[in-house]
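Participant: got a predicted model here, sequence first, then my questions.
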Amino acid sequence: MERPLTQHTHPDGTTRTFREYVQDGGYRGLQRLASGLAPKDVQRLVSEAGLRGRGGGGFPTGTKWSFVPMGPDAPKPKYIVANGDEMEPGTFKDRVLMEGDPHGLVEGMILAGYALDAEVGYIFLRGEYHLSAQRLNQAIAEAYAEGYLGKTIPGTGFRFDLHLHASAGRYICGEETALINALEGKRAVPRAKPPFPQTVGLWGQPTVVQNVETFYNLPHIVNHGAAWYHGLSRTQDGGTKIYGVSGRVTHPGWWELPLGTTAREILEEHAGGMLKGVHFRGVLPGGISTAFLIEGHLDLPLDFSSLPAQVGRLGTGTMIVLDDHTCPVGFVLNLERFFARESCGWCTPCREGLPWVARILTSFEEGHASKDDLALLDMHTKWLAPGHTFCGLAPGAMAPLQSALQYFRDDFEQHISRGRCPWRHKPAQLKVLV
Amino acid sequence: MLSDTERRELEEAVKHYPDKRGAAIDALLTIQRRRGWISDDSLLEIAQFLEITVEELDSVATFYNLVFRKPVGRHVAFMCDSISCWIKGCERVQEQIKKLYDVELGQTTSDGRLTLLPIACLGQCGRAPAMMIDQDVHGDVTPDTIEQIVEKYK
């Protein structure tokens, strides 16, 4: 099984050096550019490869690129931005890539810049990722010293500059237009779309914002072609995916696997199944803005095309497991408190609705919720649905809530009928398990 | 007043952006690294350097949780309270650190040694519960090991 993104990363967590990167064929994609691969050829390769954005949305990269104005009359400069604001709870895939193989991101960004005739790039990195910052800064300095950055790439007439922007917190920065505001030195509130960033983005210029993992795929697509890339996956979406698992499983961690691997295979074969004495109840497949999958969904291929919309979506591919020793209501309360804290406050439904949801869930946990509160939670999943808020934060927050209300309704009702959280009285048992 | 070193660092940061304002967050973090936090005086000095109003800069400074507009202790402990850490018992770790150092989240110990803050998922979910002290990440923290970890930060 091929693992192009991580086959050379060191298992001990140390970084892959510039020398190692080049020895293993790194920066070879840039030589291919010189041998006659035009920007439109790179765009076509990426479209044919079926690469889809790895940040959670799964938007086809080739389609995203197709909106960028090209040609001699296109506005200048254009920008390429890597979204490294990895703050989706349960998600740690971009960190392992950036720490383990910083040059892969640099090369991926140069290739995207070439394909879109964009001359400046920014890596937007969350402020807490100090080790990633240190290693990326070193990789950028090395790429400048070797002439991959800051100088015309021989035979192409193309030159790319790259900067690292260390951010200062706030989950909303991961939303691409909020990220653009943050990069301009402003409050990270989302912008209205349209216009989309591909035409009017950073400082009003055409801008492509993509997840870190997406960029890592580009050198391999350029080197090996679309057919090879499709061959890596088990479904119609191309390539591999960094999947991860956390929660009460035997071996929490991450693995690069073919896109379309099933949740069951990941949970049982790679994560080693549940810890002894605990049982599976559900899983958020990719961060906390996704709906729960339950036992009956575990054999569905996890990719961007196969999950039926009424079931859910893959999100970031890093799963969080709910077990039978964890209260589903407490679990969802933790998620909604997170969203309430991280709401940017720009639009009223999100700013007011999320704290309201968190307060109702708190009343369940404290044992004084009523049937009316359950109905109120149901209503919120409609009031905060897509189309009612300025950006996707609050609708994302409703995905786990709505599916929890569907699959674990008995648990909510037990909190009402017993007048307490049924899990809160088992502390001794929990202590053994952790 | 900005020291020569601070000014040089800010001038370096500004080079990465087409306008000075783009460097607002870099500038706040740069000065905070030197001075520990962003006082009203610091805010004014940075705003003057960036050629924006102090109110504009404050609207940015108060938005981002890693910019400190109040003094913090010699060390800052960021306690992850997101879902993977919650499943693995981060609440009990928090209770223990609060008890040991007589401090609540958002507060600093009376000897000025430690500030305790909540933080969004640190991306260490494979070794939850996790925390970060200053720039060091610690994983698989338990109520029994927390004291040993914090004791390294005097």
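Facilitator: Received it, and whenever you're ready, just let me know what you need. Numbers count the residues shown, from 1 in each chain, chains lettered A, B, ... in the order given.
Participant: only C-alpha atoms from now on, for both contacts and neighbour counts.
Facilitator: Will do.
Participant: what residues sit buried inside stretch A:310-321?
Facilitator: Along stretch A:310-321, these residues count as buried under the neighbour rule (16 or more other CA atoms under 10 Å in any protein chain shown): A:G312, A:R313, A:L314, A:G315, A:T316, A:G317, A:T318, A:M319, A:I320, A:V321.
Participant: kindly report the residues of chain B close to chain A.
Facilitator: Chain B comes close to chain A at residues B:16, B:21-26, B:29, B:59-60, B:63-67, B:82-84, B:86-89, B:120-127, B:135, as judged by CA under 8 Å from any CA of the partner chain.
Participant: from those residues, keep the buried residues only.
Facilitator: Buried by 16+ other CA under 10 Å: B:16, B:21-26, B:29, B:60, B:63-64, B:66-67, B:82-84, B:86-89, B:120-127, out of the residues of chain B next to chain A.
Participant: among those, which are in helices?
Facilitator: Judged by DSSP state H, helices contain the following of these: B:A24, B:I25, B:D26, B:L29, B:V60, B:I83, B:S84, B:W86, B:I87.
Participant: just those now: which is nearest A:P102?
Facilitator: B:D26 (21.2 Å; CA to CA).
Participant: now that closest one: how far from A:G62?
Facilitator: Between B:D26 and A:G62 the distance, using CA to CA, to the nearest Å, works out to 32 Å.
Participant: now swap in A:P422 and tell me
Facilitator: In this structure, A:P422 lies at 50 Å from A:G62, with CA to CA as the measure.
Participant: can you check the pLDDT for the most centrally placed residue in chain B?
Facilitator: Per CA atoms, centre = their mean, the C-alpha nearest to the average position across chain B is that of B:L66, at 4.4 Å. What the model reports for B:L66 is a pLDDT of 98.
Participant: so where do the strands sit in chain B?
Facilitator: Secondary structure of chain B by DSSP state E: the strands cover B:75-80, B:114-119, B:131-133, B:136-138.
Participant: of all those strands, which one is nearest A:A178?
Facilitator: Of all these, it is strand B:114-119 that lies closest to A:A178, at 19.5 Å by CA to CA.
Participant: shouldn't A:H230 be in contact with A:I221?
Facilitator: No. Distance between A:H230 and A:I221: 9.6 Å, which falls outside the contact criterion (CA atoms under 8 Å).
Participant: and the chain, split by domain according to the record?
Facilitator: The chain I'm using is chain A. Per automatic domain parsing, the structural domains of chain A span A:18-232, A:240-323, A:328-433.
Participant: please refer instead to chain B.
Facilitator: Here chain B is described, according to automatic domain parsing, as comprising the domains B:4-63, B:75-150.
Participant: look up how far A:C350 lies from A:P386.
Facilitator: In this view, A:P386 and A:C350 are 11 Å apart by CA to CA.
Participant: between the two, who's got more neighbours?
Facilitator: A:C350 (26 against 16; other CA atoms under 10 Å in any protein chain shown).
Participant: please name the nearest non-neighbouring residue to that one.
Facilitator: A:A394 (5.6 Å; CA to CA, 6 or more residues apart in numbering or on different chains).
Participant: for the strand or helix carrying the one you found, name the packing helices and strands.
Facilitator: Following DSSP states H and E, one finds A:A394 within helix A:393-407. Taking 3 or more CA pairs under 8 Å, 6 or more residues apart in numbering or on different chains; DSSP states H and E as contact, the helices and strands that helix A:393-407 lies on are helix A:328-342, helix A:348-366, helix A:371-383.
Participant: let me know which of those is tucked in deepest.
Facilitator: Greatest average neighbour count among the helices and strands packed on helix A:393-407 goes to helix A:328-342 (a mean of 22), per mean count of other CA atoms under 10 Å in any protein chain shown.
Participant: what residues does the stretch 301-434 of chain A have near chain B?
Facilitator: Proximity of the stretch 301-434 of chain A to chain B, by CA under 8 Å from any CA, involves residues A:I320, A:T326, A:F331, A:N334, A:L335, A:F338, A:V434.
Participant: now these as JSON lines including pLDDT?
Facilitator: JSON lines is the format used below for these (pLDDT from 0 to 100):
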{"residue": "A:I320", "pLDDT": "97"}
{"residue": "A:T326", "pLDDT": "96"}
{"residue": "A:F331", "pLDDT": "98"}
{"residue": "A:N334", "pLDDT": "97"}
{"residue": "A:L335", "pLDDT": "98"}
{"residue": "A:F338", "pLDDT": "98"}
{"residue": "A:V434", "pLDDT": "36"}
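Participant: just list the residues touching A:R313, thanks.
Facilitator: Contacts were defined as CA atoms under 8 Å, 6 or more residues apart in numbering or on different chains; by that measure A:R313 touches A:P285, A:G286, A:T290, A:A291, A:F304, A:L307.
Participant: let's have the domains of chain B in a markdown table, adding mean pLDDT and distance to A:V278.
Facilitator: Conversion of the domains of chain B to a markdown table gives the following (pLDDT from 0 to 100; distance: least, CA to CA, whole Å):
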| stretch | mean pLDDT | distance to A:V278 |
| --- | --- | --- |
| domain B:4-63 | 97 | 41 |
| domain B:75-150 | 97 | 13 |
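Participant: ranking those by burial, who's on top?
Facilitator: Comparing the domains of chain B by mean neighbour count (mean count of other CA under 10 Å), domain B:75-150 comes out on top with a mean of 20.
Participant: end to end, how far does that one reach?
Facilitator: Domain B:75-150 stretches 10 Å from its first residue to its last (CA to CA).
Participant: same check, this time on stretch A:121-141
Facilitator: Stretch A:121-141 has an end-to-end distance of 14 Å (CA to CA).
Participant: what distance do you get for A:V311 to chain B?
Facilitator: Computed with CA to the nearest CA, to the nearest Å, the distance linking A:V311 and chain B is 21 Å.
Participant: what does that residue show for phi and psi?
Facilitator: Here is the backbone geometry of A:V311 (degrees, to the nearest 10): phi -90, psi -50.
Participant: the more surrounded of A:P422 and A:G62?
Facilitator: Here A:P422 and A:G62 are compared on neighbour count by other CA under 10 Å; more neighbours surround A:G62, at 20 against 14.
Participant: quick one: contacts for A:G312?
Facilitator: A:T290, A:A291, A:F292, A:L293.
Participant: output those as a markdown table; include the columns distance to A:L45 and neighbour count.
Facilitator: Converted to a markdown table, the contacts of A:G312 look like this (distance: CA to CA, whole Å; neighbours: other CA atoms under 10 Å in any protein chain shown):
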| residue | distance to A:L45 | neighbour count |
| --- | --- | --- |
| A:T290 | 30 | 27 |
| A:A291 | 33 | 27 |
| A:F292 | 35 | 28 |
| A:L293 | 34 | 23 |
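Participant: which residues of chain A score low on pLDDT?
Facilitator: Using pLDDT under 70 as the threshold, the predicted model of chain A has low-confidence ranges A:425-434.
Participant: which helix is the longest one in it?
Facilitator: Of all the segments assigned as helix in chain A under DSSP H, the longest by residue count is helix A:212-232.
Participant: now it: buried residues?
Facilitator: In terms of neighbour count (16+ other CA under 10 Å), helix A:212-232 has its buried residues at A:212-223, A:225-226, A:229-232.
Participant: cool, stretch A:29-46 as well?
Facilitator: Applying a neighbour-count criterion of 16+ other CA under 10 Å, one finds A:G29, A:L30, A:L33, A:L37, A:P39, A:V42, A:Q43, A:L45, A:V46 buried in stretch A:29-46.
Participant: next one: it to chain centre, how far?
Facilitator: A distance of 27 Å separates the C-alpha centroid of stretch A:29-46 from that of its chain, computed with CA atoms, centre = their mean, to the nearest Å.
Participant: and what of stretch B:111-120?
Facilitator: In terms of CA atoms, centre = their mean, the gap separating the centre of stretch B:111-120 from the centre of its chain is 8 Å.
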